[in-house]
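Visitor: have a look at this fold, sequence not included:
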């Protein structure tokens, strides 16, 4: 068989995710899974989608974005509003979650589009700083937002208070400003998370291996050269950026609907950096690396609970060790050496 | 180098496993109480205080013989996601009774889990209404936010403390804005005049000159401060520096201001606050608790510590009255405790004759305190 390297890579990534899903399902069915890990399965899926989508911006497009949590926030809040307000219209829960994720994705992509137009004109450090600012702006705007629902439909209010919504009796406040949303129905399941991860991988890997993807990578490698052969810079930059934002929005909706409460301050600068850490540790441009890094680094702090107050310290040390080890020339040579040895064995 | 790193990693994994297994090897016959709270990070003082208070109560109860408790507090970093992880970790440990979460946002998330898993919970200080709303096995030891807001407005009006009220609150904080909203609603009801409402956030809690100038220009003679004591201490200082001397009225978050390091207590002279706990009270239980806390942790306990202490004692009394034995499963204990809590009356550090409604909210009298000569003095 003479498959292309990209196809092999894709097959490997899908297989990795499917095997992990089947193993986890097996553990759940046989009752061998701890409550801690079981509770983390859906958030892990959300973080994987976040990492893969950010990898599209940082690794494939080559622009450092520090505001990815902002898109997650938009998706989380709009998705939850959609799910809560459609509770009577769509009684089927998985379908309602899918609608919520779609709404989250479209709202996040709209925000990504409007932010992207001015921001993508910048480059390097400036782009990083502006995306950071945009993430914080989204956080502050959501903090000031009030949304309620009664029989007349949705009510919006800004900067005042929940009483300014003028809901009629029996109306319900959905987003309560700084208090965020409380009492979210728990719709997210591991299976839905798995499907979102597969969908994300499908979108991102197909985009990367398409004509558009090659144009995007050409922009990353040398913008001037790419422009000189007629690649429209803004179009392809926006394409990658908006896709990335949309996927982050869907992940946000999945994330929010796994916990009964969500507040805007959760999606701050630290969350953006956390996701960037997943991407960097997994390897820039390496999709399956992002998947593994997001899963491992989400579970790791919980595994370290035995260290009590020192666990974040240990977590940091582990991160540093991983950085050192994965960038070590001798360590990197291990796969090649193994391959050589295997080949040598088969030749004998 | 590589070998060193490898062995270091191996050693860490080994010690992590060792700690895990030692945690699961338990003394038989103890009832396992678990709780989550911010033990690290910006809100750590609240989580640590609640944990330390609860630990003192557990030690006292275990020393009595009879019912034995084992307490396990897990860090939630004041974050809903981490709180659910911490809660699940406690479930793996075998938690039978829960102390919920210390702060509100994590409290909302874990209380839903408590309700689904039928594990009884009483939270020391997660005061948002959403924590107990719609869950029949989650109770609060502290006042719910709305009660504090409306009680404050009622108190100001009853005692005629001020005619023109200014409010400064932290609008990205559940606690602060929750109290403010009910305060405003109640003030409208009883015709209390609010002349100035200004806000600040986590990122802007250093400078209050704009807020104070607004209050001053509108002629406010009382400023209501529903917030924790750290920003309040700056407000007192900055108001003094512009020569503005209104009355101040705080809620339970103001408790602890006198023990704030480097704070000139003269600035807080005359501040009125509604709080359930008074560390300088002279009754025997409070003095003994404060003394124990001081020896163990070197500081005066705040209201969170007292709430944690009371939670454990309330569970203890309910367990004794309901004849709960350590071999019962969590759902069975939950049914007994819910029955006991909704029918019993409890005397603790944070109030006498406390009762709980079926909605999980506590009924107790807030104590009006005024700061005189650097000490809290009861008003009524």
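Guide: Sure, I can see it. Everything numeric here is computed off the predicted structure, so don't read it as measured data. Residues are numbered from 1 along each chain as shown, chains lettered A, B, ... in the order given.
Visitor: so residue 52, which of the three states?
Guide: Reading this off chain A. With DSSP: H, G, I helix; E, B strand; the rest coil as the basis, residue A:52 sits in helix.
Visitor: which residue is nearest the middle of chain B?
Guide: Centroid check for chain B by Cα atoms, centre = their mean gives residue B:125 as the closest residue, at 2.9 Å.
Visitor: you'd agree that one is in a helix?
Guide: No - per three-state DSSP, residue B:125 lies outside any helix segment and is coil.
Visitor: for it, give me phi and psi.
Guide: Torsion angles at residue B:125 (phi, psi; degrees, to the nearest 10) stand at phi -150, psi 10.
Visitor: mind pulling the model confidence for residue B:242?
Guide: In this model, residue B:242 is scored at 90, pLDDT.
Visitor: whoops, I mixed them up, residue B:234
Guide: At residue B:234, pLDDT is 90.
Visitor: find the nearest non-adjacent residue to it, please.
Guide: Counting by Cβ to Cβ, 6 or more residues apart in numbering or on different chains, residue B:234 lies nearest to residue B:208, which is 6.2 Å off, once chain neighbours are set aside. Backbone N, C-alpha and C define where each C-beta goes, glycine included.
Visitor: thinking again about what came up before, from residue A:320, how far out is the residue nearest to the centre of chain B?
Guide: Per Cβ to Cβ, to the nearest Å, residue B:125 is found 36 Å from residue A:320.
Visitor: so which helix or strand takes in residue B:370?
Guide: When elements are defined using DSSP states H and E, residue B:370 is found to belong to strand B:367-372.
Visitor: just checking, what packs against that strand?
Guide: strand B:272-275, strand B:375-378 (3 or more Cβ pairs under 8 Å, 6 or more residues apart in numbering or on different chains; DSSP states H and E).
Visitor: out of these, flag the one nearest chain A.
Guide: strand B:272-275 (21.2 Å; Cβ to the nearest Cβ).
Visitor: buried residues in the helix or strand that that closest one is followed by?
Guide: Per DSSP H and E, the first helix or strand lying C-terminal to strand B:272-275 is helix B:284-297. Neighbour counts over helix B:284-297 (16 or more other Cβ atoms under 10 Å in any protein chain shown) mark B:286, B:289-290, B:292-293, B:297 as buried.
Visitor: nearest to chain A, of those residues?
Guide: Nearest member of the buried residues of helix B:284-297 to chain A, counting by Cβ to the nearest Cβ, is residue B:297, at 14.5 Å.
Visitor: can you pull the contacts of the closest one?
Guide: By Cβ atoms under 8 Å, 6 or more residues apart in numbering or on different chains, residue B:297 lies in contact with residue B:52.
Visitor: please enumerate the helices of the chain.
Guide: All of this is about chain A. A:5-30, A:35-55, A:68-85, A:93-119, A:124-143, A:190-208, A:211-221, A:223-228, A:233-256, A:269-282, A:287-303, A:311-326, A:329-347 (DSSP state H).
Visitor: looking at chain B here, not the other one
Guide: In chain B, the helices defined using DSSP H lie at B:2-24, B:44-63, B:80-93, B:104-117, B:129-132, B:145-158, B:174-189, B:209-217, B:229-241, B:284-297, B:303-321, B:330-343.
Visitor: looking at these, which has the lowest confidence?
Guide: Looking at these, the bottom one is helix B:2-24 with a mean of 45.
Visitor: how many neighbours does residue A:341 have?
Guide: A count of nearby residues for residue A:341, using other Cβ atoms under 10 Å in any protein chain shown, gives 10.
Visitor: again but with residue A:31, I slipped
Guide: 6.
Visitor: could you report the pLDDT at it?
Guide: In this model, residue A:31 carries a pLDDT of 85.
Visitor: and what of residue A:56?
Guide: Residue A:56 is assigned a predicted lDDT (pLDDT) of 95.
Visitor: thinking again about what came up before, isn't the residue nearest to the centre of chain B up against residue B:47?
Guide: No - in this structure, residue B:125 is not within contact of residue B:47 by Cβ atoms under 8 Å, at 9.4 Å.
Visitor: what do the two both touch?
Guide: B:102-103.
Visitor: excluding chain neighbours, what is closest to residue B:85?
Guide: Residue B:85 sits nearest to residue A:302 (Cβ to Cβ, 6+ apart), 5.3 Å away.
Visitor: hang on, the one you found packs against residue B:81?
Guide: No - with contact defined as Cβ under 8 Å, residue A:302 and residue B:81 do not form a contacting pair (10.7 Å).
Visitor: okay, the closest residue to chain B within chain A and residue A:315: tell me how far apart.
Guide: Per Cβ to the nearest Cβ, residue A:306 is where chain A lies closest to chain B, at 3.2 Å. As judged by Cβ to Cβ, residue A:306 and residue A:315 stand 12 Å apart.
Visitor: rewinding a little: quick one, which of the helices of chain A gets closest to residue B:265.
Guide: helix A:124-143 (33.8 Å; Cβ to Cβ).
Visitor: what is the burial count for the closest residue to residue B:254 other than its chain neighbours?
Guide: Nearest residue to residue B:254, sequence neighbours excluded (Cβ to Cβ, 6+ apart): residue B:273, at 4.4 Å. When neighbours are counted by other Cβ under 10 Å, residue B:273 registers 26.
Visitor: what residues are up against the residue nearest to residue B:85?
Guide: Contacts for residue A:302 (Cβ under 8 Å, 6+ apart) come out as A:36-37, A:40, B:85, B:89.
Visitor: so residue A:101 touches residue A:254, yeah?
Guide: Yes - at 6.2 Å, residue A:101 and residue A:254 qualify as touching, with contact defined as Cβ under 8 Å.
Visitor: between those two, what contacts are shared?
Guide: residue A:196.
Visitor: the two - which one has more neighbours?
Guide: Each of residue A:101 and residue A:254 has its neighbours counted (other Cβ under 10 Å); residue A:254 has more, 32 against 29.
Visitor: identify the residues contacting the more buried one.
Guide: Per Cβ under 8 Å, 6+ apart, neighbours of residue A:254: A:42, A:45-46, A:49, A:97, A:101, A:188, A:192-193, A:196.
Visitor: and if you look at residue B:212?
Guide: Going by Cβ under 8 Å, 6+ apart, the list of residues near residue B:212 reads B:168, B:235, B:238-239, B:242, B:244.
Visitor: cool, and residue A:240?
Guide: So residue A:240 contacts A:56-57, A:60-61, A:207, A:216 (Cβ under 8 Å, 6+ apart).
Visitor: for residue A:53, see how far away it is.
Guide: Look at residue A:240 and residue A:53: by Cβ to Cβ, they are 10 Å apart.
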